[in-house]
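K.L.:
Below: sequence and its predicted model.
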Amino acid sequence: MALTAGIVGLPNVGKSTLFNAITKSQVEAANYPFATISPNVGVVEVPDARLDRLSALFHPKKTIHATFEFTDIAGLVKGASKGEGLGNQFLSNIRLTDAICHVVRCFDDSDITHVEGSVDPIRDIEIINLELIMADLQTVENRLGKIERKAMTNKDKEAMAEVELLRRVKEALEGEKPAQSVEMDKEERLQMKNYNLLTMKPMIYIANMSEEEIAAPQDNAYFKLVKEYAAAHNSEVVPICAKVEEELSSLSKEEKDAFMQEMEMGESGLDQVIKTAYRILDLCTFLTAGEDECRAWTFRKGMSAPQCAGVIHTDFQKGFIRAETYRFEDIDELENEHAIKEAGRLRLEGKDYIVQDGDVLHFRFNV
């Protein structure tokens, strides 16, 4: 399951520069075999030092990282929901994504014109958020138009409950509030997933600042404003310099490490975005290792061993027998599976086992 995020933002905020960095860092087609990569989609590897360590120990023919898929939404401007620019027709591209990354301009540069005439990150955020709200309102109104008649005519309990929920969401959207601001129980939140509303998705604000300021983002006044806004709206913010990300994407690993050290960056902004997305979406990684292939797999926290087997192949889940597992820390310390067995650290887990982040798994199945 590749993690997916849509990238939105006004023109001239650094969105295109960031997307260029993503496409330059794109995984080889051989390592992304299950999809054709569209021009507005960038697929990058999820950094994982544990997988690199496994690869060094097993010397496999292939090492395959988990992937993160970014969809770029071009032409999103004020009034997109009313037909301005190209944005509204592109918003459908991100309805199936897991999260939304909103690039916000947090730098001054007289050579780069701002579409609104001045740099004001909170105004920019609210412009884009309103477009997302208006797009969702259209979706909700369309659904209500179809379901209300059925509910009233047949007195269908399920349809009536759906209408009541949609009306509450519609009221919030009409008040320019996101759908996620509506109080819902667990069942209602599950139902809302069927509509793929944009304002139900987790939001990551990407504060794009200058090369001079990225080493100490907390000193950037615009970043402080975005951080406060994000905190007040239960969202996350990641500081980046899109220009630096584009430069990093064209370097070798050694050059990249040296450049980041010089810039006093612990990790790239892109890596921070991916880690943040994993955290807010409750995603984890399990690993598989062998002479043919070492690979990282993404799963949701709380998934059982059979469900994780299904991440690899549905047949693995259908015919699940058991999972042979050990912790990454065990192989890191003992350096081979024979030593792990000798130390009694290889475990056999059944259908009820809840897989943990960093588990190295080998599934036994029979179909």
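P.N.:
Done, it's in.
K.L.:
Please, where are all the helices along the protein?
P.N.:
Along the chain, counting by DSSP state H, helices occupy 15-24, 49-58, 87-91, 121-154, 157-174, 186-192, 221-232, 242-249, 253-262, 269-280, 305-312, 314-318, 328-334, 337-342.
K.L.:
can you pull the alpha-carbon coordinates of the first one into CSV?
P.N.:
Meaning helix 15-24. Provided in CSV are the C-alpha atoms of helix 15-24 (Å, rounded to 0.1, in the frame of the first residue of the first chain):
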residue,chain,number,x,y,z
LYS,A,15,4.9,24.1,-5.3
SER,A,16,6.3,23.5,-8.8
THR,A,17,9.9,23.6,-7.4
LEU,A,18,9.1,21.1,-4.8
PHE,A,19,7.3,18.8,-7.3
ASN,A,20,10.4,19.0,-9.6
ALA,A,21,12.5,17.8,-6.6
ILE,A,22,10.1,14.9,-6.1
THR,A,23,10.1,13.8,-9.8
LYS,A,24,13.9,14.0,-9.9
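K.L.:
tilt between that helix and helix 269-280?
P.N.:
With axes from the mean of the first three to the mean of the last three CA atoms, to 10 degrees defining the directions, helix 15-24 sits at 90 degrees from helix 269-280.
K.L.:
Just list what helix 15-24 packs against, helices and strands only.
P.N.:
Applying 3 or more CB pairs under 8 Å, 6 or more residues apart in numbering; DSSP states H and E, one finds that helix 15-24 contacts strand 3-8, strand 41-45, strand 67-72, helix 242-249, helix 269-280. Every residue, glycine included, has its C-beta placed from N, CA and C.
K.L.:
For those, could you give me TSV that also reports mean neighbour count and distance to residue 297?
P.N.:
Listed next are the helices and strands packed on helix 15-24 as TSV, based on neighbours: other CB atoms under 10 Å; distance: least, CB to CB, whole Å:
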stretch	mean neighbour count	distance to residue 297
strand 3-8	23	12
strand 41-45	21	13
strand 67-72	23	11
helix 242-249	21	25
helix 269-280	20	13
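K.L.:
To residue 148, which of these lies closest?
P.N.:
Within the helices and strands packed on helix 15-24, the stretch nearest residue 148 is strand 3-8; the backing value is 29.8 Å (CB to CB).
K.L.:
which helices and strands sit right next to the closest one?
P.N.:
helix 15-24, strand 67-72, strand 99-105, helix 269-280.
K.L.:
Mean confidence (pLDDT) on the second one, please.
P.N.:
The reference is to strand 67-72. The average pLDDT within strand 67-72 is 90.
K.L.:
Give me the angle between that strand and strand 99-105.
P.N.:
Going by the same axes, to 10 degrees, strand 67-72 makes 60 degrees with strand 99-105.
K.L.:
Same check on the last one?
P.N.:
Between the direction of helix 269-280 and that of strand 99-105, the angle (the same axes, to 10 degrees) works out to 140 degrees.
K.L.:
follow-up on the earlier one: flag whichever of the helices of the chain has the least confidence on average.
P.N.:
The bottom spot among the helices of the chain, by mean pLDDT, belongs to helix 87-91, with a mean of 58.
K.L.:
Reformat the helices and strands packed on helix 15-24 as TSV; add distance to residue 213.
P.N.:
Shown next, in TSV, are the helices and strands packed on helix 15-24 (distance: least, CB to CB, whole Å):
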stretch	distance to residue 213
strand 3-8	21
strand 41-45	24
strand 67-72	24
helix 242-249	11
helix 269-280	13
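K.L.:
about what we covered before: would you mind giving the helices and strands packed on strand 3-8 as a markdown table with distance to residue 151 added?
P.N.:
Below are the helices and strands packed on strand 3-8 laid out as a markdown table (distance: least, CB to CB, whole Å):
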| stretch | distance to residue 151 |
| --- | --- |
| helix 15-24 | 41 |
| strand 67-72 | 34 |
| strand 99-105 | 31 |
| helix 269-280 | 34 |
